[in-house]
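K.L.:
Model the structure of this input:
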Amino acid sequence: MKPIFILLIFLSSWVSSCQSNSPQQQVTTTYFLVRHAEKDLSDPGNRNPDLTEAGKIRSENWAKMLVDVPVDMVYTTDYIRTRKTAEPIAKSKNLELILYNPRNLNDTEFQEKTKGKTVVVVGHSNTTPAFVNKIIGKEKYSAIDEKIYGKLFIIKVTGDIITDTVLTIN
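P.N.:
Numbers count the residues shown, from 1 in each chain. Modelled structure (predicted):
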């Protein structure tokens, strides 16, 4: 009986030590990255167009899709189309938009501010996949086709473990 009791104490201690070192005990950061919704292409010279009606609907749908997700921060570039895509999400979570420079993707400051948070990032057809690549540490994704607006990249970072998933939502 005594050896079984000692074995149980040992196993209990071992399981406890494994749990304290397991990824579940580490902080997880989750990123949801999307390209801005459909933009108004009626004026080819306009470098900062608004969203189309379809784009406004998509923006509202992104917010509805994330309704049960506890979002902590919403980042966007400083363009009308990205801000208007991000606004319904931020409004539904009672958050302010945070502007980011698409030339400084996943820098140390961003990593520190977002660690352990759930973050939505709204970008562009080229910067969104580039941002994902910076987070995951490899060149996996290329620019999104100009006609595609429904890609959702989900990145989870727990310690050194990084997972990435892409969904197409139309």
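K.L.:
Shouldn't residue 148 be within a helix?
P.N.:
No - counting by DSSP: H, G, I helix; E, B strand; the rest coil, one finds residue 148 to be coil, located in no helix.
K.L.:
Run a quick neighbour tally on it.
P.N.:
As a burial measure, residue 148 scores 11 neighbours (other Cβ atoms under 10 Å). The C-beta positions use only the backbone N, C-alpha and C, and glycine is treated the same way.
K.L.:
Could you pull up the residues touching it?
P.N.:
35, 125, 168 (Cβ atoms under 8 Å, 6 or more residues apart in numbering).
K.L.:
and the residues you listed, which of them are in helices?
P.N.:
Per DSSP state H, helices hold no members of those.
K.L.:
What strand or helix carries residue 109?
P.N.:
Using DSSP states H and E, residue 109 maps to helix 108-114.
K.L.:
so what does the helix or strand that that helix is followed by touch, helix or strand wise?
P.N.:
Using DSSP H and E, the helix or strand that follows helix 108-114 in sequence is strand 118-123. Secondary-structure packing of strand 118-123 (3 or more Cβ pairs under 8 Å, 6 or more residues apart in numbering; DSSP states H and E): strand 28-35, strand 73-76, helix 80-92, helix 127-136.
K.L.:
Make JSON lines out of the ones you listed and add distance to residue 54, mean neighbour count and mean pLDDT.
P.N.:
Output for the helices and strands packed on strand 118-123, formatted as JSON lines (distance: least, Cβ to Cβ, whole Å; neighbours: other Cβ atoms under 10 Å; pLDDT from 0 to 100):
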{"stretch": "strand 28-35", "distance to residue 54": "14", "mean neighbour count": "22", "mean pLDDT": "98"}
{"stretch": "strand 73-76", "distance to residue 54": "19", "mean neighbour count": "22", "mean pLDDT": "98"}
{"stretch": "helix 80-92", "distance to residue 54": "12", "mean neighbour count": "21", "mean pLDDT": "98"}
{"stretch": "helix 127-136", "distance to residue 54": "19", "mean neighbour count": "21", "mean pLDDT": "97"}
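K.L.:
Among these, which comes closest to residue 113?
P.N.:
Of all those, strand 73-76 sits nearest to residue 113, with 7.5 Å by Cβ to Cβ.
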